[in-house]
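Novice: Give the three-dimensional model of this entry:
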Amino acid sequence: MKFLRLVICVLLLVLTPRQVLSVQALSTLDELEVRKIYLPPTYSEPREEVITHIMIHSISNVIENPNEPYRIVDLYLLLLEYGVSTHYLIDREGNIYQLVPEDRVAYHAGRSNFPYLPFFPHNMNQFSIGIELMGIGTKGEIGPSVPDEVYDSLDKSLIGFTVAQYKSLNMLLQDLHHRYPTISKSRLHVIGHEDYAPDRKQDPGKLFDWGKINY
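Specialist: As a prediction, the model looks like this:
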């Protein structure tokens, strides 16, 4: 595990390629920098369907490391451990990492009882882009996995989401809408994991402000 952690650190700090996307939908034509740290290909598969949805998640390593729950290496290893994946991950400073190419299906959605699917249930991965935000929800959302005393001891700046994250997420969403007109600009097509699977997921949760991304 230590060797794997060292290899990932090298990839992140030295070898990570960066792509600069020109966000055409923005009047200022701000540039959006994306750092590519792809997961192994076994954590995705070729996409066969048209992209119609974006799903927003939150992620942290608060259970294992409540003092530093947002280390990118730890989160990368966490995805490997659980056999899941996402297209994008946005850190607390607003840096955007791409972990799976958009033309491949990431394993981020799981099973659903989402009532507005224009396709068969439990297949959202094929139709969606997954975006993870580094963030911690409310005490009630985290549940029994984090003891109350641990949650109460967290630095308050670690809870919820940052201004930098909302800014980067807005830019990324506008870029995705521009490149995929099939993704409607509505809350039926830009959804949270909790919308898709409310019986088992609570992210991005109550602390995520949908108004800050204009949905």
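Novice: can you map out the helices along the chain?
Specialist: Applying DSSP state H to the chain gives helices spanning 2-10, 72-82, 124-127, 139-142, 148-153, 163-179, 193-196.
Novice: mean pLDDT lowest for which of those?
Specialist: The weakest mean pLDDT among the helices of the chain belongs to helix 2-10, with a mean of 58.
Novice: Look up how far Pro147 lies from the most centrally placed residue in the chain.
Specialist: Nearest residue to the geometric centre of the chain (C-alpha atoms, centre = their mean): Glu132, 1.1 Å. Look at Glu132 and Pro147: by C-beta to C-beta, to the nearest Å, they are 24 Å apart. Yep, even glycine has a C-beta here, placed from its N, CA and C like the rest.
Novice: and Pro69, how many residues sit next to it?
Specialist: 23 (other C-beta atoms under 10 Å).
Novice: hang on, it packs against Leu158?
Specialist: Yes. With contact defined as C-beta atoms under 8 Å, Pro69 reaches Leu158; the gap is 6.2 Å.
Novice: Overlap of the contact sets of the two?
Specialist: 60, 62, 136 (C-beta atoms under 8 Å, 6 or more residues apart in numbering).
Novice: how far away is the residue nearest to the second one when sequence neighbours are not counted from Ser157?
Specialist: Spelled out, that is Val62. Among residues not flanking Val62 along the chain, Pro69 sits closest, at 4.1 Å (C-beta to C-beta, 6 or more residues apart in numbering). Pro69 sits at a distance of 11 Å from Ser157 (criterion: C-beta to C-beta).
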